[in-house]
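J.: Sequence first, then the predicted structure:
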Amino acid sequence: MINLNDLVFFVAAVEHGGFAPASRRLGLPKSTLSKRVAELEDALQARLIHRSSRSFTLTDVGRDFYDHARASIIEAEAAQNAVRQRVAEPSGTVRITASVPVAQEQLAPHLPRLAQRFPRLRVQLDVTDRFVDVVQEGYDIAVRSHFAALPDSDLVQRQVRRESIVLVASPGYLDAASVPTVPDALEHHAGLLSGPGVNRWTLVREGAEADVAQVAPLARLIANESQVLRAAAIAGLGIACLPESLCRQDLADGRLRRVLPEWHAGRVTTTLVMPHRRGQLPGVRATVDFLVECLGAA
């Protein structure tokens, strides 16, 4: 078995063009480097370097060995850096941007625990519904909730969770208006819609053969904010399409009931987006791991 330290001496001698310049760079005697490389050659039973008083050149075997030796050193340094970064306590400022619904429904319950877990970390959350250029505006992480796949870019994307959009209504409403058993029946029910142009719901039933249905409920209330629709559904105004996580507790407590439980109105995905270089910082990486842990569990 060769001495792996000798790889460092061999690579240094090659990269600096000889034992003399390599010894000055490493702060070791030239004789020590020459001896260690000679021992490496003996262990390999192969000549790696042609030496003379005027020349220092690699043999064919030496060139091949150098490529592998240099790669090994790079990997060893990368492993060492990975450990150092992992054990380093996260600190500094992490800038996060998110839309209003994402901030209220997904981040608000968890960010205080992030600050408690990492006392030296300073979290700066910018809540906005406008499009944010993550790189140009200097953000570390963007938390994005989306129905379609995000476009390809140079940004790193890490999907956190994917959940169904479910149909819900209050027990009082369903008792008074009857429980729909097929999608077409929704045409006669009051709908709580997410926008003036959203007058139809596209429903999907997955199975051996997927079914798709489009229905147009009777518009009872229109709001482009999920919490408003949730409150209206609890109040008995009609049927709403909401992310499952938003109404899970209401379903468990009986304030809401699923409508057409075999069907859903699409799926919404939460993704963390970040510039690659920022994602390597200990504070950013710790924040990403924390959000994946919390949001993914939810």
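T.: Sure, I can see it.
J.: I figured L229 hits G238, correct?
T.: No - assessed by C-beta atoms under 8 Å, L229 is found out of contact with G238, at 9.4 Å. The way it works is simple: take the backbone N, C-alpha and C, and place the C-beta from them, glycine included.
J.: Between these two, point out the one with more neighbours.
T.: The neighbour comparison of L229 against G238 (other C-beta atoms under 10 Å) goes to L229, with 26 against 22.
J.: what about that one, which helix or strand?
T.: helix 226-234 (DSSP states H and E).
J.: Pairing partners for the helix or strand following that helix, with directions?
T.: Using DSSP H and E, the helix or strand that follows helix 226-234 in sequence is strand 239-243. If you go by DSSP bridges, strand 239-243 pairs up with strand 156-169 (antiparallel), strand 190-193 (parallel).
J.: Can you tell me the closest non-neighbouring residue to A98?
T.: Spatial nearest neighbour of A98, chain neighbours left out: V143 (4.2 Å); criterion: C-beta to C-beta, 6 or more residues apart in numbering.
J.: Neighbours of the one you found, how many?
T.: Around V143 there are 20 residues (other C-beta under 10 Å).
J.: What spatial separation is found between it and H276?
T.: 17 Å (C-beta to C-beta, to the nearest Å).
J.: next one: L111
T.: Where H276 is concerned, L111 sits at a distance of 24 Å (C-beta to C-beta).
J.: who has more neighbours, these two?
T.: More crowded of L111 and H276, by other C-beta under 10 Å: L111, with 18 against 10.
J.: Wait, the more buried one touches V123, no?
T.: Yes - L111 lies in contact with V123 (C-beta under 8 Å); the separation is 6.1 Å.
J.: can you give me the strands for the protein?
T.: Ranges of strands in the chain, per DSSP state E, are 49-51, 56-58, 92-98, 121-127, 141-146, 156-169, 190-193, 201-205, 211-215, 218-222, 239-243, 257-259, 267-274.
J.: Same question for the third one: list its buried residues.
T.: Read it as strand 92-98. 94-98 (16 or more other C-beta atoms under 10 Å).
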